[in-house]
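J.: dropping the sequence and predicted coords here.
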Amino acid sequence: MRKLDISLIGVPVDLGQSRRGVDMGPSAIRYAGAVERLQALGHDVTDQGNISVSPVHDLTRNEDGLKNLSEVTAATEELAAKVSEIVKNNKFPLVLGGDHSIAIGTLAGLAEHYKNLGIIWYDAHADMNTSDTSPSGNIHGMPLAVSMGLGHEQLVNVHSDGAKINPENVVIIGARSVDPGERQLIQEKGVKVFTMHEIDRYGMSAVIQQTLEYFASREVDGVHLSLDLDGLDPLYTPGVGTPVPGGITYRESHLAMELLEDANVITSAEFVEVNPVLDEYNKTADVAVGLMGSLFGEKLL
């Protein structure tokens, strides 16, 4: 098992969607013992605290219908700078959300250091909407599209101008709620997707193996894991804002994390969409921390 120098940073953002409370996600994950769990595995962990996020008391929309655009932009700009600094100092960035809009900042910061980054998007949703296709105006449904250079220029140009990732380096795992506009973009951009159909038919082990082989063929220079807790079935993670039934099981998710750790490929990670207001006795945060344990080398024997 690798012994890593991990820098943990919380991003208390609940502005990329309409259900308040996910800004408390980083605190819930810390309360569930994230730092202690990783330290017990022998990793050096530095908790850098939370980035500052401007409070928003009333929902705002811009002329394109995007919610809280300026506040999300500011938060992701700060996060991008923090992530870039962590990588520059040869540490492992571990980001705690917050809603999934924060991935705009994470990927922008990573893009400064990786020229051919692979991305595992572990999520019930594709998050590839733009202001033209989004039925809601929620920016947490846009981070992959934004990172590909599609969408509002203010978001696309966070930290640096233009696209941050290659769409063909993205693998979505667990998709089961995809909007029509996203479906079209997936096909146009060549994004690789393992829906629940593939997971059910072939098993998680085969899905991860195919993902690793795909990244090897693409000769990626790093792999970022962006894990939305709604990727799991809400039976296991009730504390998420956009639950979708029929998701990945608890055990399948641990297997996925264990296989990724065995492959020694993950160079950064984020865990997002834990909402304590919607949760049951911090159950979702506990699952997040358990998955971190498996990703960072925890074994039964």
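T.: In hand now; what should we look at? Fair warning: this is a prediction, and the values are worked out from it, not measured in the lab.
J.: where along the protein do the helices fall?
T.: Per DSSP state H, the chain has helices spanning 25-31, 34-40, 69-88, 103-111, 143-147, 153-156, 180-189, 196-202, 204-218, 250-263, 283-295. These are given in chain order.
J.: most packed of the ones you listed?
T.: The highest mean neighbour count among these, using mean count of other CB atoms under 10 Å, belongs to helix 143-147: a mean of 30. Every residue, glycine included, has its C-beta placed from N, CA and C.
J.: quick one: average pLDDT of it?
T.: The predicted model assigns helix 143-147 a mean pLDDT of 97.
J.: which other helices and strands contact it?
T.: If you count contacts as 3 or more CB pairs under 8 Å, 6 or more residues apart in numbering; DSSP states H and E, helix 143-147 packs onto helix 103-111.
J.: identify the residues contacting the helix it packs on?
T.: Contacts to helix 103-111, defined as CB atoms under 8 Å, 6 or more residues apart in numbering, come from residues 11, 72, 75-87, 93, 95, 117, 119, 127, 139, 142-144, 146-147, 155, 158-160, 164-165, 222, 224, 226, 268, 270, 272.
J.: kindly report the same for stretch 272-285.
T.: Contacting residues not belonging to stretch 272-285 are listed as 14, 19-22, 24-25, 27-29, 31-32, 95-100, 102-103, 140, 226-230, 236-242, 288 [CB under 8 Å, 6+ apart].
J.: same deal with stretch 247-256?
T.: Outside stretch 247-256, the residues touching it (CB under 8 Å, 6+ apart) are 122, 124, 173-174, 176, 196, 199, 204-205, 207-208, 230-234, 236, 287, 290-291, 294.
J.: stretch 153-169 too?
T.: Applying CB under 8 Å, 6+ apart, the set of residues contacting stretch 153-169 is 69-70, 72-73, 76-77, 80-81, 84, 104-105, 107-112, 116-119, 139, 142, 146-150, 189-192, 215, 218, 220.
J.: what do you get for stretch 26-34?
T.: Counting by CB under 8 Å, 6+ apart, the neighbours of stretch 26-34 from elsewhere in the structure are 8, 10-12, 47, 50, 96-98, 239, 271, 274, 276, 279, 282, 284-286, 288-289, 292.
J.: and E261, how far is that from L41?
T.: With the distance defined as CB to CB, to the nearest Å, E261 ends up 10 Å from L41.
J.: please enumerate the shared neighbours of those two.
T.: Taking CB under 8 Å, 6+ apart as the contact rule, E261 and L41 both touch 1, 296-297.
J.: just the closest of the residues you listed to G65, please.
T.: G65 has its nearest neighbour among the shared contacts of E261 and L41 in F296, at 39.5 Å by CB to CB.
J.: low-confidence regions, the chain specifically.
T.: Confidence mapping of the chain against pLDDT under 70 gives the ranges 56-64.
J.: from the centroid of this protein, which residue is nearest?
T.: Among the residues of the chain, the smallest C-alpha distance to the mean C-alpha position (CA atoms, centre = their mean) belongs to S226, namely 2.7 Å.
J.: and the closest residue to G42 other than its chain neighbours, what does it touch?
T.: Once flanking residues are discounted, G42 sits nearest to K3: 5.3 Å by CB to CB, 6 or more residues apart in numbering. The neighbourhood of K3, defined by CB under 8 Å, 6+ apart, consists of 42-44.
J.: ditto for P238
T.: By CB under 8 Å, 6+ apart, P238 lies in contact with 278-280, 283-284.
J.: could you check the distance from it over to G118?
T.: 31 Å.
J.: for A285, same thing?
T.: Following CB to CB, the distance that separates A285 from G118 is 27 Å.
J.: again with V95
T.: V95 sits 17 Å away from G118 when distances are taken as CB to CB.
J.: cool, and S101?
T.: Distance, S101 to G118, by CB to CB: 21 Å.
J.: again, but for F215
T.: Between F215 and G118 the distance, using CB to CB, works out to 4 Å.
J.: and for these two, which residues touch both?
T.: Listed contacts common to F215 and G118 are 169, 171, 223, 265; contacts here mean CB under 8 Å, 6+ apart.
J.: filter those residues down to the ones in strands?
T.: 171, 223 (DSSP state E).
J.: which of the shared contacts of F215 and G118 lies closest to E182?
T.: Using CB to CB, V171 is the member of the shared contacts of F215 and G118 that sits closest to E182, with 15.3 Å.
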